[in-house]
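**Q** just to be clear, the model below is a prediction. Sequence and coordinates:
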Amino acid sequence: MLAELALYSDRLFVAAAAIYAFAMVLHAVEFAAGRAKTSVLVGAGGPETGTDTTPDAAQAPRRSRAERFGRMGVALVVLGALLHTASIVTRGMAAERWPLGNMYEFLSAICLAAVVTWLVVLRRAPASRPAGPFVLLLVMVLMLLADSVLYAPAGPVVPPLRSYWMSIHVSTISISSGLLLVAGVASLLYLLRLTDALPKATEKLPTADALDRLAYRVTIVAFPLFTFAIITGAIWAEAAWGRFWGWDPKETVAFVSWVIYAAYLHARATAGWRTGRAAWVNVAGFATILFNLFFINMVVAGLHSYAGVG
């Protein structure tokens, strides 16, 4: 029975990844259709005889078609998130523990948190949808790595992880990391939009102001969660290793990330730093999250190396 649940979990994970990939394609089609629409309208000449070329007549069909692709993409993301959630639940049932005991499970939880965050963003700001292909691309890359390089069979964990603190600390760090991934993508797109280095590729993104607000608001939610995760990690470390903080590589990089995100929030409230400079700080924080996620977990030896998580 447990082996069957583990198999179902793996298949649900793959199904969710496939649906995310299809949704990303639909979002990309919407993005491309929007660009095509703009180029047609800009390059159009005067009205032709017997043809209605008013703005509404010219724009409505193309806009409607692009929007249908985008809406289908969002619907698929919702379906993928449901299957993804089922994958994590069945994984926990198969392993008979909280399903965050290795890098495969940790990355899966981060990706789900990022997807749910993106759906909440779309619910509150549907105009952000053109950024969807870029958010889903990051999710797809992480899920591909999880399912190939980092996959681990469902099973028990080492004794130090058999603690109720794992469900608190690692869950919180997973959720906050997923939020910060979305904020990081938003800041990267904001900088592309601001510099206008690739005008043909960025003209259909949300406005620079909208992307900046998106990054800031998501970080505002993520930062307290990230702070709580660090605090609970210190409490767990005291219970497991007899000290609250030992400057382990993962602890050190997590603290550096916390300082950078605190600096970003301060920069957003400081005159002269609210635009491009603050976004660069947020991108630096995004880079440290990825660095901690992969290099520290997989390359550097430390007290966290046995699990590769939180």
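**A** That came in fine, so what should we check first? Numbers count the residues shown, from 1 in each chain.
**Q** tell me how far the residue nearest in space to the middle of the chain lies from Val185.
**A** When Cα atoms, centre = their mean is applied to the chain, the residue found nearest the centroid is Ala114 (3.4 Å). Relative to Val185, Ala114 is positioned 9 Å away (Cβ to Cβ, to the nearest Å). Quick note: C-beta positions are derived from backbone N, CA and C, even for glycine.
**Q** quickly find the element holding Arg274.
**A** Arg274 belongs to no helix or strand when assigned by DSSP states H and E.
**Q** do the same with Pro153
**A** Using DSSP H and E, Pro153 falls outside every helix and strand.
**Q** and if you look at the one 4 residues further on?
**A** Element membership of Val157 [criterion: DSSP H and E] is none; it lies in no helix or strand.
**Q** nearest spatial neighbour of Phe13, skipping sequence neighbours?
**A** Ser87 (4.3 Å; Cβ to Cβ, 6 or more residues apart in numbering).
**Q** quick check: Ala3 touching Ala94?
**A** Yes: between Ala3 and Ala94 there is a contact at 7.5 Å, judged by Cβ atoms under 8 Å.
**Q** the closest residue to Trp118 other than its chain neighbours: what's it in contact with?
**A** For Trp118, ignoring the flanking residues on the chain, the nearest one in space by Cβ to Cβ, 6+ apart is Val135 at 5.1 Å. Residues near Val135 by Cβ atoms under 8 Å, 6 or more residues apart in numbering: Ala114, Trp118, Val182, Val185.
**Q** tell me which element Val135 falls in.
**A** Short version: Val135 belongs to helix 132-148, going by DSSP H and E.
**Q** residues of that helix that come out buried?
**A** By 16 or more other Cβ atoms under 10 Å, the buried positions in helix 132-148 come out as 132-140, 142-143, 145-147.
**Q** got it, and stretch 284-294?
**A** Of the residues in stretch 284-294, Ala284, Gly285, Phe286, Thr288, Ile289, Asn292, Leu293, Phe294 count as buried by neighbour count, 16+ other Cβ under 10 Å.
**Q** what's the answer for stretch 1-9, then?
**A** Leu5, Ala6, Tyr8, Ser9.
**Q** quick check: the farthest pair among these?
**A** Using Cβ to Cβ, the two most remote members of the buried residues of stretch 1-9 are Ala6 and Tyr8, lying 7.3 Å apart.
**Q** what's the overlap in contacts for the two?
**A** Thr90, Ala94.
**Q** give me the nearest residue to Leu225, chain neighbours excluded.
**A** Nearest one to Leu225, counting by Cβ to Cβ, 6+ apart, is Ser176 at 3.9 Å.
**Q** the one you found and Ala229 touch, don't they?
**A** Yes: when contacts are counted by Cβ under 8 Å, Ser176 is listed as touching Ala229 (5.7 Å).
**Q** how about the helices in the stretch 201-310 of the chain?
**A** Counting by DSSP state H, counting those that start in this stretch, the stretch 201-310 of the chain has helices at residues 208-241, 249-268, 276-291, 297-298.
**Q** what's in contact with the third one?
**A** Around helix 276-291, the neighbours that count as contacts under Cβ under 8 Å, 6+ apart are 177, 180-181, 183-185, 187-188, 190-191, 194, 212, 215, 219, 253, 256-257, 260-261, 263-264, 267-268, 270.
**Q** could you flag which of the residues you listed are buried?
**A** Looks like the contacts of helix 276-291 have 177, 180-181, 183-185, 187-188, 190-191, 194, 212, 215, 219, 253, 257, 260-261, 263-264, 267-268 buried, using 16+ other Cβ under 10 Å.
**Q** where in the stretch 101-250 of the chain is pLDDT low?
**A** Scanning the stretch 101-250 of the chain for pLDDT under 70 picks out 160, 197-199, 201.
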